[in-house]
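Engineer: Only the shape, not the letters, is given here:
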C-alpha cells in the first residue's frame with residue numbers, strides 16, 4: 001500500500017486531463033452545449049483539487065485557513081458571475097460582431113475531430129495568455145492591474161481566481177472568438193486549461209512524469225513565478241502550457257516556498273479591487289496637497 005500513494009500523485013494530473021477529455025467526448029449534445037455544464041464541471045474539479053490539499057499537503061505554510069478560504073471564495077464567485085458576465089457581454093459579443101463584419105467564417109473547424117479542436121483552442125488561448133501575462137510583468141500600466149494576484153501569501157487551488165476583476169476580464173480575452181469551434185470543444189479546452197491552472201496553484205505534493213512537466217505548468221514552476229522579489233517573478237509566464245516559456249527562453253526551474261510581494265504584506269479585498277486606480281488616486285492627492 002505504501003507504494004500506491006506516490007503512484008497516484010505521479011499520474012493524477014495527466015489522468016485527470018484524460019478523464020476531462022473523455023467526459024466531454026461522451027456527453028450527450030444537449031449537455032455538452034449547455035453553459036451550466038462547464039460551470040458545474042469546472043467548480044467540482046477545482047474543489048476536488050482543493051480536497052487533495054488535505055490528503056497530500058505540499059507546504060504547511062500554505063495551509064488554507066478559514067479566513068483565507070472565505071476570501072478566496074469571494075474571488076471565485078466573482079469570477080464565475082461578474083467577470084464571466086462582463087466577458088460574455090462586453091468582450092465576446094462585440095468581437096463576434098467584428099468577426100461577422102469582416103466576414104471571417106471557418107465552419108470546417110467545428111467538424112474537425114474533437115481532439116484537434118481542443119488542442120488548437122488550448123494553443124491559441126495559451127499563446128495569448130503567455131504574451132499578455134509577460135506584458136503585465138514588463139509594462140507598468142498592466143503590472144498594476146495584475147499585481148494584486150501576486151500579493152497572495154500562500155498558494156492553493158482557488159488562488160488562480162484571486163485578483164482584480166479587470167485583470168481577470170483581460171485574461172478572458174481570446175483569439176478563439178474569431179474562429180468557429182464547436183461548443184463542446186471550447187468547453188472541454190476551457191475545462192482542461194482551468195484544471196491545469198488549478199493544479200499549478202495547488203498546495204499538493206505532486207510528482208508528475210517528466211513529459212508532463214515539460215509541457216504543462218506545474219506548482220513548482222508557477223510558485224517561482226510568485227516569488228517574493230519582483231524581478232524573480234519575471235519567468236514562467238504560461239498559465240497552463242509551460243512549453244511556451246521553454247520556447248521563448250523565459251522558463252526557470254526550481255521551486256519557491258515563500259510567495260508574495262512587498263515583504264509579503266497582506267492585501268485585502270478592498271485594496272485588490274481599487275489597486276489599479278491607486279496611481280491616479282495618489283496623483284490626485286499629490287495635486288491637492290501641492291495646491
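Structural biologist: Alright, I've got the coordinates. What you see is a predicted model, and the numbers here were worked out from it, not measured in a lab.

Engineer: which residues does residue 38 contact?
Structural biologist: 187, 190-191 (C-beta atoms under 8 Å, 6 or more residues apart in numbering). Backbone N, C-alpha and C define where each C-beta goes, glycine included.

Engineer: Run through the stretch 1-150 of the chain and note the low-pLDDT ranges.
Structural biologist: Scanning the stretch 1-150 of the chain for pLDDT under 70 picks out the ranges 1-2.

Engineer: That one: helices as residue ranges?
Structural biologist: 4-26, 29-32, 35-55, 66-78, 84-87, 93-102, 114-136, 140-146 (DSSP state H, counting those that start in this stretch).

Engineer: In JSON lines: the contacts of residue 38, plus distance to residue 279 and pLDDT.
Structural biologist: Formatted as JSON lines, those follow (distance: C-beta to C-beta, whole Å; pLDDT from 0 to 100):
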{"residue": "187", "distance to residue 279": "38", "pLDDT": "98"}
{"residue": "190", "distance to residue 279": "33", "pLDDT": "97"}
{"residue": "191", "distance to residue 279": "37", "pLDDT": "98"}
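
Engineer: Go through these and name the one nearest residue 120.
Structural biologist: Using C-beta to C-beta, residue 190 comes nearest to residue 120 of the contacts of residue 38, at 13.3 Å.

Engineer: that older thread, which of the helices of the stretch 1-150 of the chain sits most buried?
Structural biologist: helix 114-136 (a mean of 19; mean count of other C-beta atoms under 10 Å).

Engineer: Between helix 4-26 and it, find me the angle.
Structural biologist: 110 degrees (axes from the mean of the first three to the mean of the last three C-alpha atoms, to 10 degrees).

Engineer: Just the pLDDT for the most centrally placed residue in the chain.
Structural biologist: In the chain, the centroid-proximal residue (C-alpha atoms, centre = their mean) is residue 197; its distance is 4.5 Å. Per-residue pLDDT puts residue 197 at 97.

Engineer: Shouldn't residue 244 be within a helix?
Structural biologist: Yes. Assessed with DSSP: H, G, I helix; E, B strand; the rest coil, residue 244 lies in a helix.

Engineer: That one against residue 221, yeah?
Structural biologist: No. When contacts are counted by C-beta atoms under 8 Å, residue 244 is not listed as touching residue 221 (11.7 Å).
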